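> The sequence and its predicted three-dimensional model are supplied below.
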Amino acid sequence: MYRAVIFDFDGTIIDTEQHLYEIINTHLIEANERPISIDFYRSNIGGRALALHEHLVQIFGEAKVMQMYKVHHESAGQLVLRPGVQSLMEQLHARHVPMAIATSSARADIEPIVSDLGIKSFIQVIKGREDVEAVKPDPELYLSAVQALNFSPTHCLAIEDSVNGATAASVAGLDVIVNTNPMTEVSDFSSLNLLDKDIDLTRVVERYFNGVTK
């Protein structure tokens, strides 16, 4: 049986991907600049998004881009949880199954959003980019979260939305459930051995925590 669950954050717990995409393009249009394409944005999901960041810095400068990210983070706490997330967390909490977040975003940015979303009491550990040398698809974020929870990777289940994230979790030795969002639903996950994909998260405990020996 799995003993812990590690969630990705962006695009998995809330749909920050669509949120940021819209904020970026709003600023670009207001500046009479060409909006970024959805394909370009998608290519930056799940990691540091350096190509996207550098593109924006060339247009706006570092200070303006950081302000843009600040608006994104300050408003993200008003987004709704993705379908099934609240129920899954409540079910896991009732079973005393510890939960963590492993995110390529900065932990300092994510922690206030977790609090605003009302799920802070469910999460024992948050690992972000400042905690590791390399972010996803490198496995270090997941390995760091697993170590903090004091379990082996094979006893932990990962919930992800992107190829980069699922790759990181899989290489770290975790089983992975991928639930895509509108930004990642076109991604090719065929190279990954996923436990499940695009399922009703409210059924995860029933399906994978009742009588499953790990």
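Received, thanks.
> Strands of the protein, start to end?
Here the chain has its strands, by DSSP state E, at 4-7, 99-102, 123-127, 156-160, 175-178, 196-197.
> Give me whichever of those strands is most buried.
Of all these, strand 156-160 carries the top mean neighbour count, a mean of 28, counting by mean count of other Cβ atoms under 10 Å. Just so you know, the C-beta spots here come from the backbone N, C-alpha and C atoms, and that holds for glycine as well.
> Can you give the distance of that one from its chain's centre?
Relative to the centre of its chain, strand 156-160 is centred 10 Å away, using Cα atoms, centre = their mean, to the nearest Å.
> can you check stretch 123-143 too?
So, by Cα atoms, centre = their mean, the centroid of stretch 123-143 is 11 Å from its chain's centroid.
> For the closest residue to T16 other than its chain neighbours, which residues are in contact?
With Cβ to Cβ, 6 or more residues apart in numbering as the criterion, T16 has its nearest non-adjacent residue at 4.4 Å, and that residue is D10. The neighbours of D10, taking Cβ atoms under 8 Å, 6 or more residues apart in numbering as the test, are T16, E17, I45, T103, S104, S105, D161.
> Name the nearest of those residues relative to V135.
S104 (3.8 Å; Cβ to Cβ).
> so where's this protein shaky on pLDDT?
For the chain, applying pLDDT under 70 flags the ranges 46, 211-214.
> Tell me the spacing between the residue of it most remote from its centre and G77.
Largest separation from the mean C-alpha position in the chain: N32, at 31.3 Å (Cα atoms, centre = their mean). Per Cβ to Cβ, to the nearest Å, N32 is found 31 Å from G77.
> List phi and psi for the residue farthest from the centre of the chain.
With angles defined as degrees, to the nearest 10, N32 sits at phi 60, psi 30.
> Tell me the spacing between it and H55.
16 Å.
> same question, V163
V163 is 21 Å from H55, by Cβ to Cβ.
> who has more neighbours, these two?
Each of V163 and H55 has its neighbours counted (other Cβ atoms under 10 Å); V163 has more, 23 against 17.
> any idea how far the more buried one is from K64?
For V163, the distance to K64 - Cβ to Cβ - is 30 Å.
> try E30
With distances taken as Cβ to Cβ, E30 is found 11 Å from K64.
> Compare these two and say which is more crowded by neighbours.
For E30 versus K64, neighbours defined as other Cβ under 10 Å are more numerous around K64 (13 against 8).
> show me the contacts for the more buried one.
Counting by Cβ under 8 Å, 6+ apart, K64 makes contact with nothing.
> let's go with 10 Å and repeat that
K64 makes contacts with H27, A31, L56, V57, as judged by Cβ atoms under 10 Å, 6 or more residues apart in numbering.
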